[in-house]
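K.L.:
Need coordinates for the below:
(one chain, ligands or ions: 2)
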Amino acid sequence: MSRFWSVAVDAPIDEALTYLAPPSFEGLLRRGQAVDVPLGKRIARGVLLGPKTEAPSFSLKEITKIIDEYPLLPEPFLKWLEWVAQYYFHPVGSVTSLAFPPLKKMIAPRASKRAAVIKASGPSQAPVLTAEQRKTVDGVLAHKGFSTHLVFGVTGSGKTEIYMHLLQEILAKGQRGLVLVPEISLTPQLIQRFAARFGDQIAVLHSQLTPRERTNQWWEIVDGKKNILIGARSALFCPIDNLGMVIVDEEHEPSFKQEEKLKYHGRDCAVMLGKFFQCPVVLGSATPSLESWKNSQEGRYHLHRLFERVEGRSLPNIEIIDMRELKQQRSLSEVKSDLPSWLSPQLFSAMKENLDRKKQVALFLNRRGMAPMVLCPDCGYIHECPNCDISLTLHGSSHLVCHYCDYHENFKELCPDCKQGVMTPLGLGTEMLEQEIAKLFPAARIARADRDEITSRADLEDLIERMETGEIDILIGTQMIAKGLDFTQLNLVGLVLADVGFNIPDFRSPERSFQLVTQVSGRAGRHVKIDEEPGRVIVQTYNPSHPSLVFSQQNDFVGFAQQELVHREALLYPPFGRLISLRLQGTDLEKVQATSQQIAEMATQLKEKFLSYEKIEVLGPAQAPLSRVRGKFRYHLLLKGPEMKDLNKLCRHLLGNEKLFPSGVRIFADVDPLNLL
Ligand code: ADP
Ligand code: ZN
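P.N.:
Residues are numbered from 1 along each chain as shown. Ligands and ions are numbered 1, 2, ... in the order given. The predicted structure is shown next:
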């Protein structure tokens with residue numbers, strides 16, 4: 001056995017380092033073993049990647065210790081970790097360090113004062129599958145080894161039930177399963193559904209667990225005490241031996257992408273994990289991402305469609321209200337409307353009707369606070385954040401807040417610029433909505449769900465419970481309430497201003513809007529019986545013919561996708577081309593600008609030199625749409641090309657020259673970026 005070992009060391013070093021095995025470790029070292037190694041003056045944690053035949057010429061340090069507390073990382077899992085590091089340009093040791101729990105194993109767990117991570121509950125009987133569900137389950141199980149399945153089913157078509165059936169089959173084969181859901185959908189409702197079916201086979205990982213809980217859940221899986229792990233994207237990094245299936249619910253959700261540090265996409269990483277474990281991967285959505293849709297159209301993913309809600313429940317009716325017309329009518333008519341300008345008479349009367357029938361209403365607006373900006377009507381001055389390129393949002397009557405860096409200041413009425421005008425709130429946020437709704441419906445019990453009101457998982461759980469027990473009549477919220485929630489009595493959903501997302505300068509904004517409208521609508525009337533009136537959705541907008549709205553009204557994802565894909569193809573945007581975005585940030589604008597110019601030139605030179613880069617386009621450099629955040633100036637450039645392999649190589653080339661760039665400018669590579677702002 002070689003005496004030289006390659007070790008992924010938990011440090012910001014791109015590549016693995018080589019260490020010497022002391023003679024006493026002979027025969028004890030294996031790939032996937034956790035070890036301690038000296039690094040500079042400290043001892044660092046590392047994972048053995050394998051023996052090396054060649055030793056570097058300089059003198060090597062010895063591995064200090066074998067950490068036998070941890071079992072070897074499973075080989076497919078370790079291969080996957082190496083792939084993640086390579087694909088997303090992240091130091092391999094930082095990636096492998098994610099595969100371990102934050103604390104040491106607790107030998108005899110003490111009774112904790114906190115509630116158990118999963119509440120006990122009685123067993124639930126699996127319902128008889130509908131024909132569409134049966135076909136999907138059989139279709140997935142017909143494949144052995146690695147295959148990816150897109151389960152495209154309307155909201156309420158019973159996708160979760162499909163996942164549970166599949167998992168049952170996997171457990172019966174003695175294998176284990178991983179279920180990823182967006183953090184926000186990881187509600188006690190959902191966990192309960194799984195726990196009721198699978199009893200104590202379930203472990204859960206999400207961001208609100210304490211380090212102790214996280215460590216305990218990790219060991220339950222690694223020790224083989226639990227066989228199904230449900231979690232947010234980070235659950236991918238829990239090593240599950242004998243993994244037999246990976247499921248990603250709401251696969252289109254942008255929150256599967258981590259935007260800081262390791263900028264990985266949970267869905268894409270899940271597919272790769274299945275590939276390394278040679279097991280099926282199931283992606284589910286009512287509004288698939290165009291990436292997955294295209295993959296299913298071209299046969300790389302198997303498509304399973306569910307057209308109907310279970311038990312013949314109908315999809316809600318979506319009405320689109322033209323707010324331009326309403327505005328015109330109101331300005332012409334003699335009688336002043338006593339409704340606020342943002343509220344159409346249609347939505348108002350639907351709310352009244354619904355409340356009279358003792359049903360619940362949800363109003364959705366993707367903007368928190370009272371008003372998204374304050375403006376001086378005399379000189380046009382808009383109060384912006386001193387650190388960011390964005391207007392401050394008014395909260396309450398006296399507070400201005402930056403939604404990017406959390407800068408706060410008191411709201412003063414006198415314009416700080418012309419010192420004459422009175423600063424006036426402009427636009428609408430959820431807080432304002434709540435106030436005005438309270439005036440219009442004084443008897444209604446109103447709750448607000450946004451990041452100001454709901455600051456913890458406990459808050460969200462409490463809110464869900466109050467919705468379920470009927471303690472709330474009107475729920476007002478941001479995208480926090482758009483996803484996954486399932487309330488029996490919720491029959492009317494109002495989208496107060498659908499236009500909020502339309503003008504975001506991002507090629508994915510039509511897709512996001514389509515998803516949002518469909519998902520929000522999917523909250524309405526999920527439990528109406530076949531002979532009852534379906535749920536109702538009222539969408540208020542100034543762009544009634546916007547394709548995102550029209551296709552979503554007709555429940556026509558396929559039509560939307562076809563049209564949108566034509567635009568994407570013309571510009572070679574994903575899912576046709578691939579992207580890597582390079583973001584540069586620093587406090588010195590000139591340095592940031594000069595460095596981004598330098599990188600762009602370097603990229604152009606490399607393109608001229610190597611034929612394989614011929615088809616890559618270098619876009620920019622340009623100021624990012626959000627040109628300053630937290631006092632840092634931001635520039636970016638985009639590498640766009642048909643093959644990720646070549647983009648990855650070019651990017652590695654560019655980042656390899658990092659030492660040539662001035663200090664004070666940080667460069668971040670974002671592979672398959674979702675956020676281009
Ligand atoms: P989705 O995940 O597609 O939104 P769910 O799996 O949550 O759908 O199913 C919607 C509702 O229908 C849930 O209340 C679920 O318990 C119920 N359901 C699902 N499948 C069946 C079935 N085959 N028979 C009866 N009820 C079902
Ligand atoms: Zn700010």
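
K.L.:
Mind checking what secondary structure residue 626 has?
P.N.:
strand (DSSP: H, G, I helix; E, B strand; the rest coil).

K.L.:
For it, list the residues it contacts.
P.N.:
388-390, 404, 634, 677 (Cβ atoms under 8 Å, 6 or more residues apart in numbering). For glycine as for every other residue, the C-beta is placed from the backbone atoms N, C-alpha and C.

K.L.:
Same list, those residues, but as a markdown table with secondary structure please.
P.N.:
A markdown table is the format used below for the contacts of residue 626 (three-state DSSP):
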| residue | secondary structure |
| --- | --- |
| 388 | coil |
| 389 | coil |
| 390 | coil |
| 404 | coil |
| 634 | strand |
| 677 | coil |
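
K.L.:
for the stretch 101-250 of the chain, which spans come out with low pLDDT?
P.N.:
108-110, 112-116, 119-123 (pLDDT under 70).

K.L.:
Kindly report the residues of it close to ligand 1.
P.N.:
Within the stretch 101-250 of the chain, the positions near ligand 1 by Cβ under 6 Å from any ligand atom are 127-130, 133, 153, 155-161.

K.L.:
Quick one, which of these are buried?
P.N.:
Among these, the ones that count as buried by 16 or more other Cβ atoms under 10 Å are 129-130, 133, 153, 155-161.

K.L.:
now those as TSV including secondary structure?
P.N.:
Output for these, formatted as TSV (three-state DSSP):
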residue	secondary structure
129	coil
130	coil
133	helix
153	strand
155	coil
156	coil
157	coil
158	coil
159	helix
160	helix
161	helix
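
K.L.:
quick check, nearest of those residues to ligand 2?
P.N.:
Nearest to ligand 2 among these: residue 155, at 35.8 Å, using Cβ to the ion.

K.L.:
Could you measure from the nearest residue to the closest one once chain neighbours are set aside over to ligand 2?
P.N.:
Counting by Cβ to Cβ, 6 or more residues apart in numbering, residue 155 lies nearest to residue 522, which is 2.9 Å off, once chain neighbours are set aside. For residue 522, the distance to ligand 2 (Cβ to the ion, to the nearest Å) stands at 34 Å.

K.L.:
Contacts only, for residue 522.
P.N.:
Counting by Cβ under 8 Å, 6+ apart, residue 522 touches 154-156, 286, 316.

K.L.:
try 7 Å this time
P.N.:
With contact taken as Cβ atoms under 7 Å, 6 or more residues apart in numbering, residue 522 is in contact with 155-156, 286.

K.L.:
ok, and which of those reach ligand 2?
P.N.:
Here nothing survives when the contacts of residue 522 are matched to ligand 2 using Cβ under 5 Å from the ion.

K.L.:
Now render these as JSON lines, adding distance to residue 365.
P.N.:
Putting the contacts of residue 522 into JSON lines (distance: Cβ to Cβ, whole Å) gives the following:
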{"residue": "155", "distance to residue 365": "20"}
{"residue": "156", "distance to residue 365": "23"}
{"residue": "286", "distance to residue 365": "21"}
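
K.L.:
What is the nearest of those residues to residue 9?
P.N.:
Ranked by distance to residue 9 (Cβ to Cβ), these are led by residue 286 at 43.5 Å.

K.L.:
nearest spatial neighbour of that closest one, skipping sequence neighbours?
P.N.:
Nearest non-adjacent residue to residue 286 (Cβ to Cβ, 6+ apart): residue 155, at 4.6 Å.

K.L.:
Distance of that neighbour relative to residue 466?
P.N.:
Remark: distance between residue 155 and residue 466 (Cβ to Cβ, to the nearest Å) = 23 Å.

K.L.:
and if you look at residue 247?
P.N.:
Remark: distance between residue 247 and residue 466 (Cβ to Cβ) = 30 Å.

K.L.:
So the two - more neighbours on which side?
P.N.:
Using other Cβ atoms under 10 Å, the more surrounded residue of residue 247 and residue 466 is residue 247, with 30 against 14.

K.L.:
State the next helix or strand along the chain beyond the helix or strand hosting that one.
P.N.:
Residue 247 belongs to strand 243-249 when elements are defined using DSSP states H and E. Next in sequence after strand 243-249, counting helices and strands by DSSP H and E, comes helix 266-277.

K.L.:
Please name the strands paired to the strand holding residue 247 in the sheet, noting orientation.
P.N.:
strand 176-180 (parallel), strand 280-285 (parallel) (DSSP bridges).

K.L.:
Tabulate those strands (TSV), appending distance to ligand 2.
P.N.:
Putting those into TSV (distance: least, Cβ to the ion, whole Å) gives the following:
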stretch	distance to ligand 2
strand 176-180	32
strand 280-285	34
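
K.L.:
want to throw these into JSON lines with mean neighbour count?
P.N.:
Converted to JSON lines, the strands paired with strand 243-249 look like this (neighbours: other Cβ atoms under 10 Å):
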{"stretch": "strand 176-180", "mean neighbour count": "26"}
{"stretch": "strand 280-285", "mean neighbour count": "26"}
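
K.L.:
would you list those in JSON lines and tack on distance to residue 452?
P.N.:
JSON lines is the format used below for the strands paired with strand 243-249 (distance: least, Cβ to Cβ, whole Å):
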{"stretch": "strand 176-180", "distance to residue 452": "28"}
{"stretch": "strand 280-285", "distance to residue 452": "29"}
